[in-house]
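[1] 3D model of this:
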Amino acid sequence: MPKHKHQIVPNPKPWGSIRSSLHSLIAVLVATLLVGTVYLTQEYAVQFLEDSTSSTVVRTTGDSCNLFSGKWVFDNQSYPLYKGLQCTYMSDQLACEKFGRKDLSFQNWRWQPHQCDLPRFNATALLERLRNKRLVYVGDSLNRNQWVSMVCLIESAVPAEHKSMHTNGSLTTFKATEYNATVEFYWAPLLVESNSDHPVNHRIPERIVRVQAIEKHARHWSDADFLVFNSYLWWRRSMMSVLWGSFESSNGIYKDVKMPRVYEMALKTWSDWLEVHVNPNKTKLFFVSMSPTHQSAHEWGETNGENCYGETEQIKVEGYWGNSSDLKMMRVVENVLGGLKTRGLDVQMLNITQLSQYRKEGHPSIYRKQWDVLTEEQLANPSSFADCIHWCLPGVPDVWNELLYAYISNDIIMKLWNRKKPHFPLLVFVFSLFLVFSILHNERSILQIQDHPDHAPRHQIPVTYVKPNRLTHQNHVTEVLDRFSTCNSTREYSEWKIAWTDNLTPEPLHGGRRESLESCDVFSGKWVYDNSSYPLYNESECPYMSDQLACHKHGRSDLDYQYWRWQPHNCNLKRWNVIDMWEKLRGKRLMFVGDSLNRGQWISMVCLLQSVIPKDKRSMSPNAALTIFRAEEYNATVEFLWAPLLVESNSDDPVNHRLEDRIIRPDSVLKYASIWENADILIFNSYLWWRQGPVKLLWSTEANSVCEELDGMGAMELAMGAWAEWASKVDPLKKRVFFVTMSPTHLWSREWKPGNEGNCYSEKSPIELEGYWGSGSDLPTMSMVDNVLSKLSSKVSVLNITQLSEYRKDGHPSIYRKFWEPLKPEQLSNPASYSDCIHWCLPGVPDVWNELIYHFL
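    Below is the predicted model:
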């Protein structure tokens, strides 16, 4: 090969080298100065915010402070925080001054925690925090009491023309239009459904609850940004009638359940709903503990038979606890909230019980509107109609809201504070080193190119880009590929590429929707043995189970592979709820598109869903490549389309697809797209079929059946391009598209057990080495797929099942499946030789893949 002529370049003078190094040093210093300036600006901004909001942050004298442990301090300079008579939306049930109460000292008490201060309430700051958000109180009349307090606390900061109040059934909404913020109250005294759900007419002699039903209520507050729950007073009876069934049906089952068991059942339904439906990155959750009553004066040492009537002072005995506050029920709440916390969902308890116990003088007593005409006997004995349950306003509930405000406002400060890290100087140092090496490396490379032009980048051969998925081609009608298709001849690959990325820019692959607010990587975690919750269905009870995946049926006796739950490191997957999933699918088509591994996931989904559909309301209808499971009452289908290579190929027959040569049309998905186009939710996969040697390419423009040959990964990249061109046109508001990453194989036990020459045969437990990665998952292929999917950004959600499935060497059928071809004697004598270490037993690993789909839906 002739040598290139060297360009003659004079030796650089020492000054040039010094100048170059000086430029590098200046660049580093400037970069460090800029980054340092940003840091110091941030430091100053945070410090300034802390200083300027010193009255709005919780100042602790130690490492932590219990806001709920303290004392009441008389403070008639700062309290009340608003004038009751001036609150536009004050309730007549709580307006004690309006209805004749003369002693108003109950309004002048401030709650003082023992070791810190509560933030001073700032209505404007709270409204800014609530800008474009919903704060919703959900519960009984005591929670409505707190809601009225909050409205009165903030409404004075909103001009009359920019605020409004609207009631729609059980939901009442105060709106501050200039902030686009709402403070709402939803009547649900028992949280779950009951016969007391009417916001006005709810005084019913026999109280009946549907402890497993909450959706009727929850749909009204499912998208709130702050949720404040309470539920206690309406449960204060020894027994409650529980209904299994609907109020409209005559076939319901009723059973009396004792307290606190029935309370616990209802809170479990509530907590399960939260776990499934609440995005902890969006919604902050609070639960207000029981509000005490003061209906028996003998409890604080006064005349037996009296109550809060006539009380003008507080109880001064620290730790006083009245009989109206049931510790057993309080423990139920604590246990339920603790269980949610272990499952990754924090609900902050607003523990207002003890601090409110002291305030026997804070109730309306007789100073409220009486909707029923009082009898002469009542008028003669005022304590007989005194309200010792609710609270006057201004008053005690204002402090409950100050506590709520402390958590909401402190959330802002802590987010800023957490951005101040002492590691910053190290980051500057590392960044500076990076700049030094980058600049010096670039200078060295430039000098090398000047000295040795042979090392300079050469011009590449021009690439021809093909527009995919065209219906017709000039002077040529494209024939459909089938298993009888052949190539007349084969030539070298022409270097043609698929054109589809003109208007798309790549974004980093994080799993799930890239634009989602998920702060936790649900694909990073560990397998946890859980034989109480798993399997999610029984193999023998799924009539649509495949003999290829029914491992127990075909002789597998160790069933531990069914009992493993995937646990992300820093959060929880939403708990599978079959009814909720069907509601998500109502009126929709869910379609799996791909190879036999995607078919396995489809069968898993059918088995997960089918048990709640009556036999006469469900059906399975195979139609060549498309198989459809239908649930009539939901007008929904769960379908599988055989398309192992996504593009058209000669392996498209769902049964007879094992062929010597694999031929594809790398530039067309039209054959399949016409089928999947109308699905509402699409789950794609494609990987394993590309791992079997070179692929023949038959371009749509080729009229003489002349093929080109390309390696599997290169051919897959072309096919992914044609598929991506289709996916780039998807409207994500109308269609959800998922792509499942490669499913790993476990064909070589030496990869997890050095020196062993077996495979998944006889494996009974997962691989415990975190980050294990076998040769069955090709990283260059995954990188290529990542590059394609990253350009689809919001169009496609990624189910990154590869790493979590890598650990599950125990989850394959091995020899425990139906084999359609007779086994040879030499195979029978060596079971590992015919073990299936590619597919997965069911119930098993693919169930978790579907839990991930449910999580993202």
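[2] Tell me who's in contact with Leu135.
    Residues counted as contacts of Leu135 (C-beta atoms under 8 Å, 6 or more residues apart in numbering) are 150, 181-184, 224-226, 228. Yep, even glycine has a C-beta here, placed from its N, CA and C like the rest.
[3] typo on my end, it should be Lys526
    566-567, 569, 770, 807.
[4] Just the mean pLDDT for stretch 826-838, thanks.
    Averaging pLDDT along stretch 826-838 yields 90.
[5] no, scratch that, I was asking about stretch 742-762
    For stretch 742-762, the per-residue pLDDT averages 91.
[6] just stretch 522-533 next, same as before
    Here the average pLDDT along stretch 522-533 is 92.
[7] For it, buried residues please.
    522-523, 525, 527 (16 or more other C-beta atoms under 10 Å).
[8] One more: stretch 301-315?
    Applying 16+ other C-beta under 10 Å to stretch 301-315 flags 307-309, 311, 314-315 as buried.
[9] Now do it: everything it contacts.
    72, 103, 105-106, 109, 294-298, 300, 357-361, 363, 365-366, 382-383, 386, 388.
[10] how does it look with 7 Å?
    Residues outside stretch 301-315 that contact it (C-beta atoms under 7 Å, 6 or more residues apart in numbering): 72, 103, 105, 294-298, 300, 357-361, 363, 365-366, 382-383, 386, 388.
[11] now stretch 728-743
    500, 504, 597-598, 680-685, 687, 727, 777, 781-782, 785, 789, 792, 794-802, 805, 849, 853.
[12] Make a ChimeraX selection of the buried ones in the contacts of stretch 301-315.
    Paste this into ChimeraX to select the buried members of the contacts of stretch 301-315, with burial taken from 16+ other C-beta under 10 Å:
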select :72,294,295,296,297,300,357,358,359,360,361,363,365,366,383,386,388
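[13] sec struct for the residue nearest the centre of the chain, please.
    In the chain, the C-alpha nearest the mean C-alpha coordinate belongs to Asn279, at 5.1 Å (C-alpha atoms, centre = their mean). Here Asn279 is recorded as coil under DSSP: H, G, I helix; E, B strand; the rest coil.
[14] that older thread, most neighbours, which of the contacts of Leu135?
    Val183 (28 neighbours; other C-beta atoms under 10 Å).
[15] Am I right that that residue is in a helix?
    No. Per three-state DSSP, Val183 lies outside any helix segment and is strand.
[16] circling back: which ones among the contacts of Lys526 lie within strands?
    Among these, DSSP state E puts 566-567 in strands.
[17] Of the contacts of Lys526, keep whichever come out buried.
    Buried among the contacts of Lys526 (16+ other C-beta under 10 Å): 566-567, 807.
[18] Looking at those residues, which is nearest Leu350?
    Gln567 (29.5 Å; C-beta to C-beta).
[19] tell me which of the buried residues of stretch 301-315 is nearest to Val399?
    Using C-beta to C-beta, the buried residues of stretch 301-315 come closest to Val399 at Gln314, 12.7 Å.
[20] Kindly list the main-chain dihedrals of that closest one?
    phi -80, psi 170 (degrees, to the nearest 10).
[21] same question, Arg134
    Torsion angles, degrees, to the nearest 10, at Arg134: phi -120, psi 120.
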